[in-house]
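Participant: Give the three-dimensional model of this entry:
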Amino acid sequence: MRYTNEGYNKTNGVVYTPRIMADYLSHLIISHNKDISEQAISILDPAIGDGELIISLVKYIIKKSNNADISVMGFETDISIIKYTKERILTNFPNIKIEIKNEDFTSYALKGKVKNSYDFIIANPPYIRTQILGAKKAQEIALNIGLTGRVDLYYAFLLFAVRLLKDNGIAGFITSNKFMTIKSGTVVRDYLIRNAKIFDIIDFGDTKLFNAAVLPCMIVFTKGKTQFEHTKFTSIYETFEKEAVFTNNIFKSISTDDIISTVDGRQFEIKHGNLAKNLNGSPWSLSSKKTCAWLEGVNRATWKKFNEIGKIKVGIKTTADNVFIKENWTNEQYIPELLYPLITHRNAGQILSNGVRMWQVLYPHTVINQKKIAFDINNYPNTKKYLEIYREQLEARNYIKEAHRNWYEIWVPQNPAAWKNKKIVFRDIVEIPQFWLDNTGAIVNGDCYWIDIFNTTTEDTILLALAVANSNFIEKYYDIKFNNKLYAGKRRYMSQYVEDFPIPNPEEPLAQEAINLVRLSIENKKLLPENKNKIDAIVETLFS
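Facilitator: Residues are numbered from 1 along each chain as shown. Here you go, the predicted structure:
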């Protein structure tokens, strides 16, 4: 899905870049090219669509050099739009040369015949994940440009752009902001830092200014090597501050440090800084003198990180929840023998669960001689009869067959022996952090993560980790360190972020106060508001 307002819908559901966004990106690109002379200028749009980006960029080029000899190369897989796009561009600029290939850009780029060819590349590439792209095509792209793990198509567009730029050429992209923070984007981030001099990054976060399946960002770069202190980083995320400056055009306000309000009544905070120095593939985030000093103080007060107290894991993935998971099994014709309590997001709370009754999961897995195996359902007649009802659905999961597993197994059962242990469970996507202790031995569903606590981790450390993870401090730490809010203030507590959460020394007197407050809350099965406020204040002080 491309980024758009309501304009220019294609019959297959793909939509294109709104003019206001195209103009802002073109302005950024041209601002970094100080010498547009009356020479031949070549432009590439690898996903040209309706031509909005090209029309905008050419308009800005002509403003600086009215006699420029401009040639445009575009790629578009939808043949039905090509004639319209070409005519639209030539109607606006009859003197330019234009060629639009009805070809997938990545297939063209994989041939490797063209390098160092373009003065400008401007693009809003399609956002297609590996599942849709196809394993064979994804693997071909990954091998060619050195990617590992999951491949999103826009990764290839970004990396191929570096190859195709002239030495002094400039590229500007509108794309998903996910590559800046997720693990699979590490290779992309590292490649761009080593091979591209990044001028600007603008993270539009949860603005939802356009219909898009993902949260957009802009990135502008040339060939070279990134200088962190010279890479401008702007973030725009929703806030709930009362004082705001009204704007009917967010792009006119990007250069300010205001909290702005838009026509729909929402408010956004605009922050400016530089790209934080990236170490070991860490997420891209905004850095300023103030945030750097704050993080340095946190680091000095850090005793351990969360990845030192346990292994962070996602819950089970059945890939057939309608079969394996139910709120109530009493109405089933056959009630399976292998039912176990299941923790889901419905049970989430801070420090302890909210007390809502757990659902149940049919869990046909166990451990024998330290080896994970599936139960023989012939020994469990009701389980077998129940599963046979859904056999056709379950056998259709070809990946189970390919893994040489039984047709009735859960796809990701995790370690059956670990459920009985004490664990910290937490929600994935949520506005405020919700980390709670579980002593019930219940299984964790895939809508939550959990920390499989190491045997060497002390009780005090576990309780202190709960204090930190549920604090106001950790929200601030997350926003500064990872810069990855989703929408409406929601954060995504993925393992790669949580494992980096800091823990102060539990032997500190103040830390002991926080530990005792958490212990008291668990014993009383209730987190009182006044105790939550005390915990917040203590954690803030411990890291200040």
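Participant: show me the contacts for Gly224.
Facilitator: Shown in contact with Gly224 (C-beta atoms under 8 Å, 6 or more residues apart in numbering): Asn195, Ala196, Lys197. (Each C-beta comes from the backbone N, C-alpha and C, glycine too.)
Participant: Pull up the per-residue confidence for it.
Facilitator: According to the prediction, Gly224 has pLDDT 94.
Participant: can you pull the contacts of the closest residue to Thr175 other than its chain neighbours?
Facilitator: On the basis of C-beta to C-beta, 6 or more residues apart in numbering, the spatially nearest residue to Thr175 that is not a chain neighbour turns out to be Tyr154, at 4.8 Å. Taking C-beta under 8 Å, 6+ apart as the definition of contact, the neighbours of Tyr154 are Pro125, Pro126, Tyr127, Ile128, Phe173, Thr175, Ser176, Phe179.
Participant: and those residues, which of them are in strands?
Facilitator: Judged by DSSP state E, the subset of the contacts of Tyr154 located in strands is Phe173, Thr175, Ser176.
Participant: State the pair within the contacts of Tyr154 that is farthest apart.
Facilitator: The two members of the contacts of Tyr154 with the most space between them (C-beta to C-beta) are Ile128 and Phe173, at 15.2 Å.
Participant: Who has more neighbours out of these two?
Facilitator: Remark: of Ile128 and Phe173, Phe173 carries more neighbours, 23 against 17, as counted by other C-beta atoms under 10 Å.
Participant: Tell me how far Leu275 lies from Glu296.
Facilitator: In this structure, Leu275 and Glu296 are 17 Å apart, going by C-beta to C-beta, to the nearest Å.
Participant: of those two, who's got more company?
Facilitator: Leu275 (23 against 10).
Participant: before we move on, back to that, hmm, which of the contacts of Tyr154 is lowest in pLDDT?
Facilitator: Lowest pLDDT among these: Ile128, with 63.
Participant: one step back: buried set for the helix or strand the residue nearest to Thr175 falls within?
Facilitator: Assigned by DSSP states H and E, Tyr154 belongs to helix 153-164. With burial defined by 16 or more other C-beta atoms under 10 Å, the residues of helix 153-164 counted as buried are Leu153, Tyr154, Tyr155, Ala156, Phe157, Leu158, Leu159, Phe160, Ala161, Val162, Leu164.
Participant: got CSV for those residues, with distance to Glu140 and pLDDT too?
Facilitator: Conversion of these to CSV gives the following (distance: C-beta to C-beta, whole Å; pLDDT from 0 to 100):
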residue, distance to Glu140, pLDDT
Leu153, 12, 78
Tyr154, 16, 86
Tyr155, 13, 86
Ala156, 10, 85
Phe157, 15, 90
Leu158, 17, 92
Leu159, 14, 89
Phe160, 13, 91
Ala161, 18, 93
Val162, 19, 92
Leu164, 18, 92
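Participant: Closest to Ser117 out of these?
Facilitator: When those are compared for distance to Ser117, the smallest value, 5.5 Å, is given by Leu164; criterion: C-beta to C-beta.
Participant: From what I see, that closest one and Ala123 are in contact.
Facilitator: No. Between Leu164 and Ala123 there is no contact under C-beta atoms under 8 Å: 10.7 Å.
Participant: Helices along the stretch 401-544 of the chain, start to end?
Facilitator: If you assign secondary structure with DSSP state H, counting those that start in this stretch, the helices in the stretch 401-544 of the chain sit at 459-469, 472-481, 495-498, 509-524, 529-543.
Participant: what about the ones you listed, which gets the closest to His365?
Facilitator: Shortest separation from His365 across the helices of the stretch 401-544 of the chain is recorded for helix 495-498, at 21.6 Å, computed as C-beta to C-beta.
Participant: The closest one packs against which elements?
Facilitator: Secondary-structure packing of helix 495-498 (3 or more C-beta pairs under 8 Å, 6 or more residues apart in numbering; DSSP states H and E): strand 310-314, strand 448-453.
Participant: Can you tell me what sits against it?
Facilitator: 182-183, 283, 306, 312-314, 426, 449, 451, 469, 478, 481-482, 484.
Participant: Now with 10 Å, please.
Facilitator: With contacts defined as C-beta atoms under 10 Å, 6 or more residues apart in numbering, helix 495-498 is touched by 181-183, 186, 281-283, 305-307, 311-314, 424, 426, 428, 433, 435, 449-451, 469, 474, 477-478, 481-482, 484, 491.
Participant: Kindly provide the distance from the residue positioned nearest the centre of the chain to Glu475.
Facilitator: With distances taken as C-alpha atoms, centre = their mean, Lys178 lies nearest the centre of the chain, 3.8 Å away. The span separating Lys178 from Glu475 equals 21 Å under the rule C-beta to C-beta.
Participant: so who does Ser261 touch?
Facilitator: If you count contacts by C-beta under 10 Å, 6+ apart, Ser261 has them with Thr239, Glu241, Lys242, Glu243, Ala244, Val245, Phe246, Thr247, Gln267, Phe268.
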